[in-house]
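Q: Sequence and predicted structure, then a few things I'm wondering about:
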Amino acid sequence: MNASSPAAHAQWLRERLREHAHRYYVLDDPAVPDAEYDRWFAQLQALEQTHPELRQADSPTQRVGGAPLAAFESVPHEAPMLSIRTETDTTAKGAEAFDARVRKELELGEGDAAVAYAAEPKFDGLALSLVYRHGVLERAATRGDGTTGEDVTANARTIDQIPLRLLGQAPALLEVRGEAYMGRADFAALNARQRQAGEKTFINPRNAAAGAIRQLDSRVAARRPLRFFAYAVVRWEPVLGQDAFTTAADAGVLTQSGLWQRLRDWGFAVSNLATRVQGGQGLATFHATIAAQRDALPFDIDGVVYKVDRLDWQRRLGHVSREPRWAVAHKYPAQEELTTVLEIDVQVGRTGKLTPVARLAPVFVGGVTVTNATLHNADEVQRKDVHIGDTVVVRRAGDVIPEVVAVVPERRAANARPFVMPAACPECGSAVVREDGEADARCVAGLFCPAQRKQAVQHFASRRAMDIEGLGDKLIEQVVERGWVQHLPDIYAVSEARWATLERMGEKSARNLMQALAQSRQTTLPRFLYALGIRHVGEATARDLAHHFGRLEALVQASVDELLAVNDVGPAVAQSVRVFFDQAHNREMVHALQQAGVQWPDLAAQADLSLPLIGATVVLTGTLPTLSRDQAKAMLEAAGAKVASSVSKKTHAVVAGAEAGKKLEDAQRLGLPVVDEAGLQRMVGEGLPPRP
């Protein structure tokens, strides 16, 4: 853009930035790449720094927070920010009751047409009043006591959905009301950052939004992702002092829903859920429709708001006790309530994870009576400082598991006591461990623990483990629930007659399952180790352990240092294997499986030290001309090699085909031998190539 002067160039940049910020933040319809927008923004910043006289209050650069304030100034509301009457009946009858009141006060009979309403979500955020003079944002204020609020203009400037200058032709004075809020995803990300920084987390998005808008340092507010929905115009004066409703009518705006469109034209975000409905039945349908969507919305709502759509009828209905007769808030069941922690128990999940669970004094929240709420893990209990006997805030949204989100410290009882994670599993008495870098404590028993039994059996029977065809999840559930299978060896003790009595089974199916069980007894050591379900031991690690030690007895007796000598086995895996075999009941279970006939060839006796690649670790990357990945892997393993998935200092060679990527780069960086398909053929016959 060739501007005739810095002022013209700055004006051009401001117009482009306003236009595209509106498309991006309000319309969700970006028209230029982010990089282009960023270049314009940087150019405007540079111009304003070079020519300070060009800097304007409505410039997009002024969204960045300035110096901290000493305190917020109090500002009177020219038009009071009144509260809306709340309909306490959260069923459809609440909507119908409001419609009946409106019709009565408007003196409408049964033969008169249905009243039209503007219906919208009731956002769970912080109400703001925005005053624009000649199209430029002059002041933003909180509700306060309804007549006097706090001046939060500096923080409002950081919210991208609040225009600093209105689009199109703007009146001399405009006052807009709306809600500042924080989206659920932004709230979760903010709390994650707070936890990582060791700082206090927020109870809910409304709490976070209120904290952000009332920051004395607007630079802090700018880092907290607030958004804004506009929903009302209370002053609209082309000439100062004119009546807003008269002006709206003169401009052809006769309804509340018409005001929504005018707000959009001026550049505000208006919820796309806001709609016009007819009569009490229309209100009830809207209430139910939004309720069904509530848990999937990207922001919190606590109800819906109904407003008589015609502005002249709003004036006719007027106010009572500082509340408009023409509007009502129709709530949903609360998603947060206060209750007392009676006890904290520990549940053991199917993977062995121990989860503290608060047993609560019954409380109605989220539409149901809640008596239990998750506390996630010991760190979370400590961070929230939850004691047994505390008064707490409990949250339940939709089908989400209820959780304790905060403690009310001023209500802590004198006899409240802290929670201590047990050292032994409450289900089986086995040791509880917490690995370095993990938040969760776990029971080490695995197969032995009743809480983990079903999943342990499912894993044991799976195709890549013992491969017991026909022993599916439904059958496993039945035999575990009936007590026939309490430990893995019990699978082989269930009689054919018993199998035949189970649901979806018959004599033929039972006979086939018995044959599959018999076949599974002949396995391999890698499969058996994988089937045991040792934490961190997948198929590849099980194979490495089996080939390194050769015999199960050697592995069972191996020290952590000896385990660390195995290729690709790190401290977490070594510790997990050692902990598993240190449990007497795990060793007894392995012995019982062998007594039930489970056996495998002795790898130590089978080892052929004459194989050309015995003990070598090879990595495959890229696409080979004629060999598939599985074929190449089989050739290497037949020659005694172990095929790894990543390149490390323990890698002996890399086979690279077309489109080889980072693994090839890593091999070259480490100075490893790299061969193609022909080199692979030579390697499996002659051994490893020399290092370059």
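A: Received it, and whenever you're ready, just let me know what you need.
Q: in the sheet, who's paired with P76?
A: Under DSSP bridges, the beta-bridge partners of P76 are T148.
Q: Surely it touches T147?
A: Yes. P76 is in contact with T147 according to Cβ atoms under 8 Å; the separation is 6.5 Å. Just so you know, the C-beta spots here come from the backbone N, C-alpha and C atoms, and that holds for glycine as well.
Q: Need the per-residue pLDDT for S321.
A: Per-residue confidence (pLDDT) for S321: 63.
Q: List the contacts of stretch 41-48.
A: Defining contact as Cβ atoms under 8 Å, 6 or more residues apart in numbering, one finds that stretch 41-48 is touched by P6, H9, A10, L13, R14, L17, L54, R55, S59, P60, T61.
Q: what's the closest of these to L173?
A: Of all the contacts of stretch 41-48, L173 sits closest to S59, with 21.3 Å by Cβ to Cβ.
Q: and that closest one, how many residues sit next to it?
A: For S59, the tally of surrounding residues (other Cβ atoms under 10 Å) stands at 20.
Q: can you check the one 3 residues further on too?
A: Each residue near Q62 was counted by other Cβ under 10 Å, and the total is 17.
Q: Look up how far D217 lies from it.
A: Q62 sits 16 Å away from D217, going by Cβ to Cβ, to the nearest Å.
Q: picking up where we left off before, take the contacts of stretch 41-48 and keep only those in helices.
A: The helices, defined by DSSP state H, take in P6, H9, A10, L13, R14, L17 from these.
Q: Now list the buried members of these.
A: H9, A10, L13, R14, L17 (16 or more other Cβ atoms under 10 Å).
Q: give the contact list for the third one.
A: L13 sits next to W40, Q43, L44, L47 when contact means Cβ under 8 Å, 6+ apart.
Q: Tell me the one of those nearest C425?
A: Minimum distance to C425 across those is 60.6 Å, recorded for W40 (Cβ to Cβ).
Q: roughly how far is the helix or strand that the closest one is a member of from the heart of the chain?
A: Assigned by DSSP states H and E, W40 belongs to helix 34-50. Between the centre of helix 34-50 and the centre of its chain there are 34 Å (Cα atoms, centre = their mean, to the nearest Å).
Q: May I have that helix as PDB, with CA atoms only?
A: Extracted in PDB, the C-alpha atoms of helix 34-50 (Å, rounded to 0.1, in the frame of the first residue of the first chain):
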ATOM      1  CA  ASP A  34      -2.200 -14.900  10.400                       C
ATOM      2  CA  ALA A  35       1.200 -13.900   9.100                       C
ATOM      3  CA  GLU A  36      -0.300 -11.100   7.000                       C
ATOM      4  CA  TYR A  37      -2.300  -9.700   9.900                       C
ATOM      5  CA  ASP A  38       0.800  -9.900  12.100                       C
ATOM      6  CA  ARG A  39       2.800  -7.900   9.500                       C
ATOM      7  CA  TRP A  40       0.200  -5.200   9.400                       C
ATOM      8  CA  PHE A  41       0.100  -5.100  13.200                       C
ATOM      9  CA  ALA A  42       3.900  -4.700  13.300                       C
ATOM     10  CA  GLN A  43       3.800  -1.900  10.700                       C
ATOM     11  CA  LEU A  44       1.200   0.000  12.700                       C
ATOM     12  CA  GLN A  45       3.200  -0.400  15.900                       C
ATOM     13  CA  ALA A  46       6.300   0.900  14.200                       C
ATOM     14  CA  LEU A  47       4.500   3.900  12.800                       C
ATOM     15  CA  GLU A  48       3.000   4.800  16.200                       C
ATOM     16  CA  GLN A  49       6.400   4.500  17.900                       C
ATOM     17  CA  THR A  50       8.000   6.700  15.200                       C
END
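Q: Any buried residues in it, and which?
A: Quick answer for helix 34-50 (16+ other Cβ under 10 Å): Y37, W40, F41, Q43, L44, Q45, L47, E48.
Q: try stretch 283-298
A: L283, A284, T285, F286, H287, I290, A291, R294.
Q: Quick check: the closest residue to R434 other than its chain neighbours vs M421, distance?
A: Take R434 and drop its neighbours on the chain: the residue closest to it by Cβ to Cβ, 6 or more residues apart in numbering is A441, 4.5 Å away. According to Cβ to Cβ, A441 and M421 sit 6 Å apart.
Q: Pull up the overlap in contacts between the two.
A: Contact criterion Cβ under 8 Å, 6+ apart; residues shared by A441 and M421: L354, A378, V432.
Q: Those residues in helices, which ones?
A: Among the shared contacts of A441 and M421, the ones falling in helices (DSSP H) are A378.
Q: okay, now A57: neighbour count?
A: 12.
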